[in-house]
Structures are given as structure tokens and as C-alpha cells.
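Colleague: whatever this is, show me its structure:
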Amino acid sequence: MTINVERDFELITLEITGRLDTTTAPNLEAVVRELSEDIKELVFNMSEVEYISSAGIRVLLGAYKKMKSNQGLMRIEKANDMVREVFEMTGLEQMLNQE
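Modeller: This is a model prediction of the structure:
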């Protein structure tokens with residue numbers, strides 16, 4: 001998995017490519033943990049995610065909680081059909097803003 005980080009003032013976009021699973025989720029978790037408190041919007045571009053496991057979902061939930069506690073927004077962009085299906089099956093599609 002690769003993570004491309006783009007910052008535009010108070011907006012951070014994380015473009016994720018590859019598998020988001022038990023092996024790679026700690027890498028994404030570390031990136032999220034290091035985000036500064038002044039971030040007002042966090043976007044996950046998931047157009048190139050091939051697979052997401054429960055470990056990946058856990059990281060997304062942690063990011064959501066972090067943004068909510070900082071009065072920020074988090075959203076998912078360009079999730080492919082497989083990722084959307086996982087969100088639907090877990091009930092996350094209603095919580096995670098998706099575009």
C-alpha cells in the first residue's frame with residue numbers, strides 16, 4: 001500500500017493505493033496519528049484501494065473519531081464498488097461521508 005499525502009491549508013487528502021489490511025493498516029494509522037490538530041477536513045481518496053479488511057475499517061473509524069473530537073470533517077472520495085460494498089455491509093456508509 002502507498003499513501004500520498006496532499007495538504008491544502010486546513011485540508012488533508014490521503015490517496016491510498018493497494019490493500020488496506022492487517023499488514024498495511026498500521027502504516028495508515030501512523031499517518032493519521034501524526035496529523036496536526038489544526039486540520040479541519042480529512043479526505044480519504046480510495047479509488048485505488050484493492051481490498052479493505054476490518055483492520056482498515058478500524059483505522060478509518062479512528063480517523064473519524066479524531067476529526068470529530070477536533071470539530072473537523074472526514075469524508076471518503078471515489079470509493080470503488082468493493083469498498084462501498086464493505087461500507088454498506090458494516091453500516092459505515094451512513095457515518096462516513098462519501099462522494
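
Colleague: give me the number of neighbouring residues for residue 26.
Modeller: By other CB atoms under 10 Å, 11 other residues sit near residue 26. (Each C-beta comes from the backbone N, C-alpha and C, glycine too.)

Colleague: on the three-state scheme, it is what?
Modeller: Under DSSP: H, G, I helix; E, B strand; the rest coil, the three-state class of residue 26 is helix.

Colleague: now the longest strand along the chain: buried residues?
Modeller: Taking DSSP state E as the criterion, the chain has its longest strand at strand 41-52. Judged by neighbour count (16 or more other CB atoms under 10 Å), strand 41-52 contains these buried residues: 42-46, 49, 52.

Colleague: what's the single longest helix in the protein?
Modeller: When the chain is parsed with DSSP state H, its longest helix is helix 54-69.

Colleague: in that one, which residues are buried?
Modeller: Neighbour count says helix 54-69 has 55-57, 59-60, 63-64, 66-67 buried, by 16+ other CB under 10 Å.

Colleague: could I get the residues you listed as a markdown table with pLDDT?
Modeller: Below are those laid out as a markdown table (pLDDT from 0 to 100):
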| residue | pLDDT |
| --- | --- |
| 55 | 92 |
| 56 | 92 |
| 57 | 91 |
| 59 | 93 |
| 60 | 91 |
| 63 | 91 |
| 64 | 89 |
| 66 | 88 |
| 67 | 89 |
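
Colleague: the longest helix of the chain vs strand 41-52, what angle?
Modeller: If you take axes from the mean of the first three to the mean of the last three CA atoms, to 10 degrees, helix 54-69 sits at 170 degrees to strand 41-52.

Colleague: packing partners of the helix or strand encompassing residue 88?
Modeller: Element membership for residue 88, per DSSP states H and E: helix 81-90. With contacts defined as 3 or more CB pairs under 8 Å, 6 or more residues apart in numbering; DSSP states H and E, the packing partners of helix 81-90 are strand 41-52.
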